[in-house]
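Novice: Structure, please.
(chains A and B)
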2 protein chains.
Amino acid sequence: MKLRILAAAVSALSLAPLYTAAQELIQPIKPPAQINIGMVELGKKLYFDPRLSKSGFISCNSCHNLSMGGSDNLTSSIGDKWQQGPINSPTVLNSSLNVAQFWDGRAADLKEQAGGPIENPGEMGFTHTLAVGVLQSIPAYVREFKQVFGTEKVDIDAVTTAIAEFEKTLVTPNSRFDQYLLGKTDALNTDEVAGWKLFKESGCVACHNGPAAGGTSFQKMGVVEPYKAKTAGEGRFAITGKDADRFSFKVPTLRNVELTYPYFHDGAVDTLPEAVDIMGRLQLGKKYTPAQNAQIVAFLKSLTGDQPSFAIPILPPSADKTPRPTPFN
Amino acid sequence: MKLRILAAAVSALSLAPLYTAAQELIQPIKPPAQINIGMVELGKKLYFDPRLSKSGFISCNSCHNLSMGGSDNLTSSIGDKWQQGPINSPTVLNSSLNVAQFWDGRAADLKEQAGGPIENPGEMGFTHTLAVGVLQSIPAYVREFKQVFGTEKVDIDAVTTAIAEFEKTLVTPNSRFDQYLLGKTDALNTDEVAGWKLFKESGCVACHNGPAAGGTSFQKMGVVEPYKAKTAGEGRFAITGKDADRFSFKVPTLRNVELTYPYFHDGAVDTLPEAVDIMGRLQLGKKYTPAQNAQIVAFLKSLTGDQPSFAIPILPPSADKTPRPTPFN
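Specialist: Down below sits the predicted model:
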């Protein structure tokens, strides 16, 4: 008897047209878990602190601005002494979900990434040693590092660990699309649902998948037709040296894509309709009709989730002995 | 009988060594009042929005950073294309209490000030017309302007009115010194109280007075001895043309002075002990002993109040038709 009931239940379960988010190639963004709050608070200060740059003017937030979708909305970023960056700044939002960091994946994780811009002469223009020296000279920072890491000795490993921990919190759950995935069928209107269907059926989801709708793989930019980039980078090839990786870039997340313009690794495209048109033609060999394009764009705008919300951090002041920024020499 | 009791009460009152804040030349900072919250929220977004600059990179908060005492902690600021500013950025904190704005007082109030940097070629490098055009193209901004100002037509008057309204909220009540003024006698330690006494008795308070401990008058920099400024500005003279105003600058607030280094209109001095020493000698003809200097510095650090606390604003995204920033041309 018990067995028969169980069998019936299993049968009902497998036959029911149950909608589950897990069946889709894009899954809902989950709120952050296993977070060290003290480390997040320290990392948040460091993320906003321009004293990690030579000039005292550029912080992580300058190019990954959390008021602007975790990006700077510029074609390419502005670095020390107004140098023009070689590539578009990717969003920091949901970047913990990426298979690797930077467009070419040269950093394995957020911690490794965080150290890069600080010592890049074209970005923050500093050195790890000098940045750590600044922090080590500030009593309130030293106390906070001691509380979080158990030692008053600040080092770049602790600095980037804290920044990465903060960045793990920068996920954007609760988009209307995620509400839809989780069963609120009226969270999307008919155009958005049609756009999502088209997005899947025409093959976009082959690369833009996973919770971040991207960030899971490297792919060639320009599959069916070549992409004429405005910048010289060869992408993943620079890391692997493999010919197959030439012009291959990390697939960007489409989460919050309405906020993270301009688009592509060279930031050449300002609007979503144009980006969708180009991706359809170059990657899929498809020319979307204006109506189809509008539906896909409508779907993409439903991917904007709850933006990180927190009080602006108040940075501890420099001490009399703190080395001063040198923006003009 | 009743009269005698009253007389005795009055007598007790007038004879009692009652400490009242009103008797002092510095008064406690009051929380903001008569604030239009909708306008503040709009102004907060505008304050953080780099799209008010030609480059799309510089916002009000870039040089008046609310994570850093409302200043940039640089000798002089970085403007469009990394131009070096001619003068140190004064703090925005408590600036609503200033008799006028800018070091030379050339703007009557916060609203007039807010328009200056946007169209200053050495600062945000934009024009009012172009900045308004950007905002007018962004539907979420237009809706918010309509809600606050009753019209969908954005103009620079509304923009600067909203920014000024936000800036009115950037006061810093509840410093330990204010707690002391309000009767909590143990809010200051003996060194800090001695410093406050010295500050008054040696004449600092003649200029650094009012709730902001400054901002109430223009004074010559270098009264007893000339000040050898690192920059060329002649201060208030540029506005009035009066010889008496040569090298006369608005007395800066000492509120949060621990956070607003470097000091003086040319930002030439990094530390409070040095600033106190110079001011004593040049303005008052007094050479403080190291112990006196330390006491005054201790008092000054008690002027740090509650910093403005609010969630980072999330800026509405540009629309397809929004003109794009041009940082590199």
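Novice: Need the contact partners of the helix or strand where residue A:283 lies.
Specialist: If you go by DSSP states H and E, residue A:283 is part of helix A:272-284. For helix A:272-284, the surrounding residues in contact (C-beta atoms under 8 Å, 6 or more residues apart in numbering or on different chains) are A:202-204, A:207, A:219, A:221-227, A:257-258, A:261, A:263-264, A:269, A:286-288, A:293-294, A:296-297, A:300-301, B:320. Yep, even glycine has a C-beta here, placed from its N, CA and C like the rest.
Novice: Using PDB, write down the CA coordinates of that helix.
Specialist: As requested, the backbone C-alpha atoms of helix A:272-284 are provided in PDB (Å, rounded to 0.1, in the frame of the first residue of the first chain):
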ATOM      1  CA  LEU A 272      20.600  47.800 -26.800                       C
ATOM      2  CA  PRO A 273      18.800  47.700 -30.100                       C
ATOM      3  CA  GLU A 274      22.100  48.100 -32.000                       C
ATOM      4  CA  ALA A 275      23.800  45.600 -29.800                       C
ATOM      5  CA  VAL A 276      21.100  43.000 -30.300                       C
ATOM      6  CA  ASP A 277      21.200  43.600 -34.000                       C
ATOM      7  CA  ILE A 278      25.000  43.200 -34.200                       C
ATOM      8  CA  MET A 279      25.000  40.100 -32.000                       C
ATOM      9  CA  GLY A 280      22.200  38.500 -34.100                       C
ATOM     10  CA  ARG A 281      24.100  39.000 -37.400                       C
ATOM     11  CA  LEU A 282      27.700  38.400 -36.300                       C
ATOM     12  CA  GLN A 283      27.200  35.600 -33.800                       C
ATOM     13  CA  LEU A 284      24.100  33.800 -35.100                       C
END
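Novice: residues of the following helix or strand past it that come out buried?
Specialist: Using DSSP H and E, the helix or strand that follows helix A:272-284 in sequence is helix A:290-301. Neighbour-count burial for helix A:290-301 flags A:292, A:293, A:294, A:295, A:296, A:297, A:298, A:299, A:300, A:301 (criterion: 16 or more other C-beta atoms under 10 Å in any protein chain shown).
Novice: I'd like the residues you listed written out as TSV, with pLDDT added.
Specialist: Formatted as TSV, the buried residues of helix A:290-301 follow (pLDDT from 0 to 100):
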residue	pLDDT
A:292	98
A:293	98
A:294	98
A:295	98
A:296	98
A:297	98
A:298	98
A:299	98
A:300	98
A:301	98
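Novice: of the residues you listed, list those near chain B.
Specialist: By C-beta under 8 Å from any C-beta of the partner chain, no member of these lies near chain B.
Novice: which of those lies closest to residue A:105?
Specialist: residue A:300 (23.6 Å; C-beta to C-beta).
Novice: residues contacting that closest one?
Specialist: Residue A:300 sits in contact with A:195, A:254, A:257, A:258, A:272, A:276, where contact means C-beta under 8 Å, 6+ apart.
Novice: With neighbour count and pLDDT as added columns, please give those in TSV.
Specialist: Putting the contacts of residue A:300 into TSV (neighbours: other C-beta atoms under 10 Å in any protein chain shown; pLDDT from 0 to 100) gives the following:
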residue	neighbour count	pLDDT
A:195	24	98
A:254	26	98
A:257	23	98
A:258	17	98
A:272	21	98
A:276	25	98
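Novice: ok, so of the residues you listed, who is nearest chain B?
Specialist: residue A:258 (5.5 Å; C-beta to the nearest C-beta).
Novice: can you list the buried residues of helix A:290-301 in JSON lines and add distance to residue B:108?
Specialist: Putting the buried residues of helix A:290-301 into JSON lines (distance: C-beta to C-beta, whole Å) gives the following:
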{"residue": "A:292", "distance to residue B:108": "56"}
{"residue": "A:293", "distance to residue B:108": "51"}
{"residue": "A:294", "distance to residue B:108": "49"}
{"residue": "A:295", "distance to residue B:108": "53"}
{"residue": "A:296", "distance to residue B:108": "52"}
{"residue": "A:297", "distance to residue B:108": "47"}
{"residue": "A:298", "distance to residue B:108": "48"}
{"residue": "A:299", "distance to residue B:108": "51"}
{"residue": "A:300", "distance to residue B:108": "47"}
{"residue": "A:301", "distance to residue B:108": "43"}
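Novice: among those residues, which two are most distant?
Specialist: Farthest pair in those, by C-beta to C-beta: A:292 and A:301, 15.2 Å.
Novice: Residue A:270 and residue B:56 touch, don't they?
Specialist: No. Residue A:270 is beyond contact range of residue B:56, at 12.0 Å (criterion: C-beta atoms under 8 Å).
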